[in-house]
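Peer 1: Coordinates only, no sequence provided:
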């Protein structure tokens with residue numbers, strides 16, 4: 001199971017008690033995240049940890065960790081806000097399918113599916129993480145227009161997984177998300193995923209993603225290797241046009257220079 005997925009979800013619970021973040025985060029995100037963590041059966045993620053995670057001193061711990069990546073604690077919040085805004089904008093402009101690749105313990109599909117019953121929501125993640133999250137989804141109540149697909153995309157391509165599942169319709173305008181995922185793939189794997197994803201959607205569809213930017217982070221690199229989840233790729237936001245060239249997507253977002261996004265930047269590409 002992805003330790004990063006668990007830690008991001010827990011970090012959002014802690015972030016919700018800092019300043020005015022409870023009001024800034026998407027409605028329901030924190031409550032649903034907490035219930036998913038509790039129901040997941042993940043070792044250590046019980047009621048006591050949920051209580052502890054909301055103590056003021058936990059905020060100081062996260063702020064200390066910010067010394068490795070300045071601003072990264074709040075950056076998770078900004079990332080959630082951006083991703084939801086992009087999905088809601090895409091739906092308003094006609095998207096009829098939403099797919100999150102490497103969904104982790106993200107709550108977007110669970111929260112938005114009941115509000116947009118004409119849209120189909122899909123999540124894909126590694127079987128171990130999907131199984132843990134599925135226990136929480138059962139407790140939460142799975143919307144009929146939300147589908148979980150448990151698969152290792154390192155072993156099978158996205159297009160084959162979606163074709164074999166049979167519920168995804170490649171003719172429908174769609175929006176695909178990869179949040180906090182690309183840095184765990186090599187450059188070739190990122191471009192391979194983008195190229196493959198472009199075959200699964202019609203022109204006008206969007207792919208929204210975050211990506212790590214270059215930087216000297218020896219302590220972080222050491223800690224990530226300890227949990228066997230090292231970063232494998234980085235790219236400057238200014239270089240994204242060339243980075244996605246030839247994958248079937250065109251960069252439509254502006255260059256992201258916002259330091260509040262920590263070690264990541266956000267981007268949107270469109271299938272044309």
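Peer 2: Right, received. Where do you want to start? This is a predicted model, so every value here is computed, not measured. Numbering: from 1, shown residues only.
Peer 1: Leaving out the residues flanking it, which one is nearest to residue 248?
Peer 2: residue 198 (2.9 Å; C-beta to C-beta, 6 or more residues apart in numbering). Quick note: C-beta positions are derived from backbone N, CA and C, even for glycine.
Peer 1: tell me, how many neighbours does that neighbour end up with?
Peer 2: For residue 198, the neighbour count with other C-beta atoms under 10 Å is 20.
Peer 1: Which helix or strand contains residue 209?
Peer 2: Residue 209 is located in strand 206-212, with elements delineated by DSSP states H and E.
Peer 1: That strand pairs with which strands, and in what direction?
Peer 2: The strands beside strand 206-212 in its sheet (DSSP bridges) come out as strand 174-178 (parallel), strand 264-271 (antiparallel).
Peer 1: any idea of the pLDDT on residue 95?
Peer 2: The model reports residue 95 with a pLDDT of 98.
Peer 1: any idea how far it is from residue 270?
Peer 2: Look at residue 95 and residue 270: by C-beta to C-beta, to the nearest Å, they are 11 Å apart.
Peer 1: Next, the contact list for residue 96, please.
Peer 2: 118-120, 172-174 (C-beta atoms under 8 Å, 6 or more residues apart in numbering).
Peer 1: Give me the nearest residue to it, chain neighbours excluded.
Peer 2: Among residues not flanking residue 96 along the chain, residue 172 sits closest, at 4.4 Å (C-beta to C-beta, 6+ apart).
Peer 1: packing partners for the longest helix along the chain?
Peer 2: Longest helix in the chain, counting residues (DSSP state H): helix 72-92. Helices and strands touching helix 72-92, as assessed by 3 or more C-beta pairs under 8 Å, 6 or more residues apart in numbering; DSSP states H and E, comprise helix 3-15, helix 21-24, helix 56-65, strand 97-101, helix 108-112, strand 174-178, strand 206-212, strand 264-271.
Peer 1: With distance to residue 159 and mean neighbour count as extra columns, can I get the ones you listed in TSV?
Peer 2: Output for the helices and strands packed on helix 72-92, formatted as TSV (distance: least, C-beta to C-beta, whole Å; neighbours: other C-beta atoms under 10 Å):
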stretch	distance to residue 159	mean neighbour count
helix 3-15	24	21
helix 21-24	37	12
helix 56-65	38	13
strand 97-101	12	24
helix 108-112	20	22
strand 174-178	12	26
strand 206-212	14	23
strand 264-271	13	22
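Peer 1: Using TSV, please lay out the ones you listed together with distance to residue 80.
Peer 2: TSV is the format used below for these (distance: least, C-beta to C-beta, whole Å):
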stretch	distance to residue 80
helix 3-15	7
helix 21-24	10
helix 56-65	15
strand 97-101	12
helix 108-112	8
strand 174-178	11
strand 206-212	11
strand 264-271	11
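Peer 1: Out of these, which gets the lowest mean score?
Peer 2: Across those, helix 56-65 gives the lowest mean pLDDT, at a mean of 85.
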